[in-house]
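J.: Structure, please.
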Amino acid sequence: MAIISKSYLSLFGHGFIDYANEHNNGEYSKELAIEFSREQYQRVKHTGNYSCIRPESADTGACYGDIGYVDAVMSYMQPTLADGEFEEVIEVGAQWIGHSEYVFGGGRTRAEQEQGLFDCSSFVHWAYEQVGIELGHFTSVSTDTLKHKGQAVPVNEIQPGDLVFFDTYKLDGHVGIYIGDGQYIGAQSSTGVAIESMEDGFWGDVFNGRVRRI
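T.: Numbers count the residues shown, from 1 in each chain. Sure, this is the predicted structure:
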């Protein structure tokens, strides 16, 4: 909330915070920003001191301040997983065990997700999305995009909810979610969504030690 409040000030000044308090319980929304900007612009456009910063401003008549500023700020922030949310990530992911199918490139439409058609990276993205954590756009997620999310963690400090990577058909070719006790949950080509050991067998052999904490 502190970050959003600072963005309010950069966006329109204290007036927008008062407007948000009055119209939306103090919560930011893009629609509210457009409405406020449009109202303010109608009052000051005669001065000639204001212009439309973004094309969407011209389209909506919201040319007071920068209605895209908050979105721009938030796009540079790494998502964070709050205490306890890792349990929910694992719980929502586990519902697909025995009810999913691995499809390379799958899980990148809502229809496929509803059918439980995932590959490893789309499954991880879906699970985090269920608790409000966006790891990029779901249509373009891959192991290569996920390995740059969050922060690197030494393998000896791994915790449930961390992302773990495996060298399969390429470096970091597979990803899953660590659940504790040397195990992870992920979408595997042979099983669909399942829990596997990282300490022995095939996945133990190809685990490359990369761990990312969201």
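J.: and whichever helix in the chain runs longest, what does it pack onto?
T.: Counting residues, the longest helix in the chain under DSSP state H turns out to be helix 30-44. Helices and strands touching helix 30-44, by 3 or more C-beta pairs under 8 Å, 6 or more residues apart in numbering; DSSP states H and E, are helix 14-24, helix 55-60, helix 69-74. (C-beta placed from N, C-alpha, C; glycine too.)
J.: Please identify the buried residues of it?
T.: 32-38, 40-41 (16 or more other C-beta atoms under 10 Å).
J.: helix or strand for residue 92, which one?
T.: helix 85-94 (DSSP states H and E).
J.: farthest pair in the buried residues of helix 30-44?
T.: Maximum pairwise distance among those (C-beta to C-beta): 14.8 Å, between 32 and 41.
J.: quick one, domains of this structure?
T.: Domain assignment for the chain by automatic domain parsing gives 2-74, 85-213.
J.: Next, format the ones you listed as CSV and append mean pLDDT.
T.: Formatted as CSV, these follow (pLDDT from 0 to 100):
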stretch, mean pLDDT
domain 2-74, 67
domain 85-213, 95
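J.: Please, where are all the strands along this protein?
T.: For the chain, the strands defined by DSSP state E cover 101-102, 117-118, 151-152, 163-166, 174-180, 183-188, 192-197, 207-213.
J.: so how far is residue 120 from residue 205?
T.: 17 Å (C-beta to C-beta, to the nearest Å).
J.: quick one, which of these two is more surrounded?
T.: residue 120 (26 against 10; other C-beta atoms under 10 Å).
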